[in-house]
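S.K.: The following comprises the amino acid sequence and a computationally predicted model.
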Amino acid sequence: KAGVTQTPRYLIKTRGQQVTLSCSPISGHRSVSWYQQTPGQGLQFLFEYFSETQRNKGNFPGRFSGRQFSNSRSEMNVSTLELGDSALYLCASSILPTGNTEAFFGQGTRLTVV
Amino acid sequence: GENVEQHPSTLSVQEGDSAVIKCTYSDSASNYFPWYKQELGKRPQLIIDIRSNVGEKKDQRIAVTLNKTAKHFSLHITETQPEDSAVYFCAASKGDDKIIFGKGTRLHILP
């Protein structure tokens, strides 16, 4: 069974640009959550989608948005990139909404904003 | 909203000794407490979880304890081995809500 796949693995963008990250969950998983990981800040929750609906949202500015497609694949978009957006972005999938069960993480997309 | 505090941020123990990582949470309605391990350069993986209807859970050398009254839970690793070196994250959730993670503990196992 294929694991959670995130693309691309690495990205370098210029301040002010926008970026789209993709996450393909494990087959059969309907929940996809996104996290920002930075040194010293741990895993900060961005948002969660379940069956194409955003269920929960973290405390990030509106520049961060996402969506989920009918096949459960999810995308995350960040507009008007800032230097502080440089981080490892992880997505995780689960059969049920993440707050109830094990989340399986992808390997992440490392975004560098210059 | 929920807030999870995790201590210590860094922990060094001799191989074979025990390691304890502690977390506190703020929302008394939280009822699911997973622990994830992230080895260097790898993805976080669940190692153990506990729900609020039990006070302790064990899996070989790993155990988690939960004190609902005090709103804290701990990870205990006994007979530590080099492969236990990693960053450990605790988390809390109300079940139907988002999972909130602690900031992580970097565990070093010294030879």
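M.R.: Good, I have the coordinates. What you see is a predicted model; the values in this text were computed from it and never measured.
S.K.: Now the most centrally placed residue in chain A: closest residue in space, sequence neighbours ignored.
M.R.: Taking Cα atoms, centre = their mean, the centroid of chain A lies closest to residue A:34, which sits 3.2 Å from it. Spatial nearest neighbour of residue A:34, excluding adjacent residues (Cβ to Cβ, 6 or more residues apart in numbering or on different chains): residue A:46 at 4.1 Å. (Glycine included, C-beta is placed from N, CA and C.)
S.K.: who's in contact with that neighbour?
M.R.: Counting by Cβ atoms under 8 Å, 6 or more residues apart in numbering or on different chains, residue A:46 touches A:33-36, A:57-58, A:60, A:64, A:66, A:76, A:89.
S.K.: again, but for residue A:72
M.R.: If a contact means Cβ under 8 Å, 6+ apart, then residue A:72 has A:25, A:29-30, A:32, A:93 as its contacts.
S.K.: Give me the three-state assignment for it.
M.R.: Using DSSP: H, G, I helix; E, B strand; the rest coil, the structure places residue A:72 in coil.
S.K.: downstream neighbour of the helix or strand containing the residue nearest to residue A:34 in the secondary structure list?
M.R.: Per DSSP states H and E: residue A:46 is located in strand A:42-50. For strand A:42-50, the following helix or strand on the C-terminal side (DSSP H and E) is strand A:53-57.
S.K.: Sheet partners, orientation included, of that following strand?
M.R.: strand A:42-50 (antiparallel) (DSSP bridges).
S.K.: does any part of the helix or strand where residue B:37 lies sit near chain A?
M.R.: Per DSSP H and E: residue B:37 is located in strand B:32-38. Yes - for strand B:32-38, a contact with chain A is found by Cβ under 8 Å from any Cβ of the partner chain, at B:32, B:34.
S.K.: List the contacts of that strand.
M.R.: Counting by Cβ under 8 Å, 6+ apart, A:99-100, A:102-103, B:23, B:25, B:44-52, B:64, B:66, B:73, B:75, B:86-95, B:99, B:101, B:104 sit against strand B:32-38.
S.K.: So which of those are in helices?
M.R.: Residues of those located in helices (DSSP state H): none.
S.K.: ok, what's across the strand from the residue nearest to the centre of chain A?
M.R.: With DSSP bridges as the rule, residue A:34 is bridged to residue A:47, residue A:91.
S.K.: Surely it touches residue A:23?
M.R.: Yes - if you go by Cβ atoms under 8 Å, residue A:34 and residue A:23 touch, sitting 7.3 Å apart.
S.K.: Mutual contacts of the two, please.
M.R.: Common neighbours of residue A:34 and residue A:23, using Cβ under 8 Å, 6+ apart, are A:74, A:76, A:91.
S.K.: What parts of chain A come near chain B?
M.R.: So chain A meets chain B at A:4, A:33, A:35, A:40-45, A:48, A:55-56, A:58, A:90, A:92, A:97-100, A:102-103, A:105-108 (Cβ under 8 Å from any Cβ).
S.K.: For the chain, just list every one of the strands.
M.R.: Picking chain A for this. Along chain A, counting by DSSP state E, strands occupy A:5-7, A:10-13, A:19-24, A:31-38, A:42-50, A:53-57, A:64-68, A:74-78, A:87-94, A:104-105, A:109-113.
S.K.: oops, I was thinking of chain B
M.R.: B:4-7, B:10-14, B:19-25, B:32-38, B:45-51, B:56-59, B:62-67, B:72-77, B:86-92, B:100-101, B:105-110.
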